[in-house]
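K.L.:
Here is a sequence together with a model predicted from it:
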Amino acid sequence: DYSTFSKSFDVLKLCQAITTKHTMPIATGSITVLKQAAFNDYSEVVHGPYESLADFRTRYDLKYLSFVNNGNAKKDEQDQSMDFLEALDKGRYVDSVVEMLNEITMGSIMEP
């Protein structure tokens with residue numbers, strides 16, 4: 001409850017409230033519309049050129065949480081990993097991603 005944690009300055013409660021507010025279908029009555037919007041939002045998430053990797057990971061995880069909470073099927077860890085790699089900023093991480101994919105193809109490392 002906002003009135004309680006805003007006075008106690010409970011950061012964890014604030015974070016939970018924000019996460020709940022922005023990942024749950026409460027803004028509109030149409031579950032189908034929310035499901036599609038969450039799908040589009042998740043599939044279009046990209047790493048910004050000035051965004052840190054840690055910030056992007058947090059934002060990516062919240063988009064995925066919204067995706068699942070709005071009725072879309074959960075993805076397995078491999079699909080999530082590949083989606084994350086695909087969403088990374090190509091200018092900064094293309095060499096790392098290409099190298100990792102080549103090593104997977106050669107069998108040097110296991111898939112994420």
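P.N.:
The structure has been received and is ready for your questions.

K.L.:
State the pLDDT value of the residue sitting nearest the centre point of the chain.
P.N.:
Centroid-nearest residue in the chain: Y60, 2.2 Å away (criterion: CA atoms, centre = their mean). Listed pLDDT for Y60 reads 95.

K.L.:
For whichever strand or helix holds L34, buried residues please.
P.N.:
Per DSSP states H and E: L34 is located in helix 31-43. Counting neighbours by 16 or more other CB atoms under 10 Å, one finds that the buried residues in helix 31-43 are 34-35, 37-38, 42. In short, each C-beta sits where N, CA and C put it, glycine included.

K.L.:
what's whatever helix or strand the residue nearest to the centre of the chain lives in packed up against?
P.N.:
Element membership for Y60 (DSSP H and E) is helix 53-69. With contacts defined as 3 or more CB pairs under 8 Å, 6 or more residues apart in numbering; DSSP states H and E, helix 53-69 has these neighbours: helix 11-23, helix 31-43, helix 77-87.

K.L.:
Over the very next helix or strand once past the shortest one, what's the mean pLDDT, rounded is fine.
P.N.:
The one in question is helix 77-87. Next along the chain after helix 77-87, taking DSSP H and E as the criterion, comes helix 90-106. The average pLDDT for helix 90-106 rounds to 88.

K.L.:
Quick one: residues in contact with helix 90-106.
P.N.:
For helix 90-106, contacts defined as CB atoms under 8 Å, 6 or more residues apart in numbering pick out 47, 49, 85, 88, 109-112.

K.L.:
before we move on, the earlier item: what's the angle between the helix holding Y60 and helix 31-43?
P.N.:
160 degrees (axes from the mean of the first three to the mean of the last three CA atoms, to 10 degrees).

K.L.:
Name the residues of helix 53-69 that come out as buried.
P.N.:
For helix 53-69, burial by neighbour count (16+ other CB under 10 Å) applies to 56, 60, 62-67, 69.

K.L.:
Now the buried residues of helix 31-43 in CSV, please, with extra columns for distance to D79 and pLDDT.
P.N.:
Listed next are the buried residues of helix 31-43 as CSV, based on distance: CB to CB, whole Å; pLDDT from 0 to 100:
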residue, distance to D79, pLDDT
L34, 22, 83
K35, 18, 88
A37, 20, 87
A38, 16, 88
Y42, 11, 93
